[in-house]
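**Student:** Got a predicted model here, sequence first, then my questions.
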Amino acid sequence: MNEFENKQNNLNEDSQTGANTVSTTNQEAVFERREVHVNTYNQTPVAESIPGKNKAIASLVLGISACVVPIPFLDLICGIIGILLAIQSKKVGFQAGIRTAGFVVSIVGTVFSVFYTLWWIIVLISVISAPTLFSDIFMYL
């Protein structure tokens with residue numbers, strides 16, 4: 001085989017494998033430049049949205065707020081919504097650890113908020129039903 005046939009065979013093999021080649025008049029393989037998008041403005045590429053990820057993050061945030069916020073009924077509502085969002089995220093198919101963490105933290109926050117809300121209800125009932133217990137305190141103010 002001569003040199004011309006070797007170059008022709010290499011050119012045929014490259015075209016079969018999918019390499020971008022162009023034959024010129026002198027039968028040399030010249031590779032085309034592939035257009036590559038250069039990020040000249042230093043912008044971060046937009047990631048594809050993963051189904052259920054936003055609900056899992058919201059579940060984690062609401063679970064943490066259910067544990068931290070000391071408002072009796074608001075933390076209960078946040079915990080329940082956090083549990084529901086974690087369940088919806090699982091139904092969509094998102095199985096990452098953030099969903100599990102949101103689910104667990106929402107359950108813990110809901111349990112704490114149930115006890116906290118019941119404690120405030122008992123305190124309010126006792127204050128309303130027995131005003132004479134606190135009348136001595138208010139007399140000196």
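**Tutor:** That came through, no problem. Just so it is clear, the structure is predicted and the values come from calculations on it, not from any experiment.
**Student:** how about the strands of the chain, start to end?
**Tutor:** Secondary structure of the chain (DSSP state E): strands at 21-23, 29-31.
**Student:** What mean pLDDT does the last one get?
**Tutor:** Right, strand 29-31. Across strand 29-31, the average pLDDT comes to 52.
**Student:** For Val22, give me the pLDDT.
**Tutor:** As predicted, Val22 sits at a pLDDT of 50.
**Student:** right, I mislabeled it, should have said Leu76
**Tutor:** In this model, Leu76 carries a pLDDT of 91.
**Student:** now it: how far from Gly97?
**Tutor:** 25 Å (Cβ to Cβ, to the nearest Å). Heads up, the C-betas are built off the backbone N, CA and C, glycines and all.
**Student:** So these two - more neighbours on which side?
**Tutor:** Neighbours per residue (other Cβ atoms under 10 Å) separate Leu76 from Gly97, with Leu76 holding more: 19 against 8.
**Student:** how far away is that one from Gln95?
**Tutor:** Counting by Cβ to Cβ, the gap from Leu76 to Gln95 is 27 Å.
**Student:** what's the burial count for the closest residue to Ile121 other than its chain neighbours?
**Tutor:** Sequence neighbours aside, Pro72 is the residue nearest to Ile121 in space, at 7.9 Å (criterion: Cβ to Cβ, 6 or more residues apart in numbering). Close neighbours of Pro72, defined as other Cβ under 10 Å, add up to 17.
**Student:** next one: the one 10 residues further on
**Tutor:** Here the count is done by other Cβ under 10 Å, and Gly82 has 28 residues near it.
**Student:** now swap in Ser49 and tell me
**Tutor:** Neighbourhood size, Ser49 [other Cβ under 10 Å]: 8.
**Student:** What of Gln95?
**Tutor:** Gln95: 11 neighbours (other Cβ under 10 Å).
**Student:** Show the pLDDT at it.
**Tutor:** pLDDT for Gln95: 85.
**Student:** do the one 10 residues further on as well
**Tutor:** Note for Val105: predicted pLDDT of 95.
**Student:** Could you do Ser129 as well?
**Tutor:** So Ser129 comes in at 75 (pLDDT).
**Student:** Could you report the distance from it to Leu118?
**Tutor:** 16 Å.
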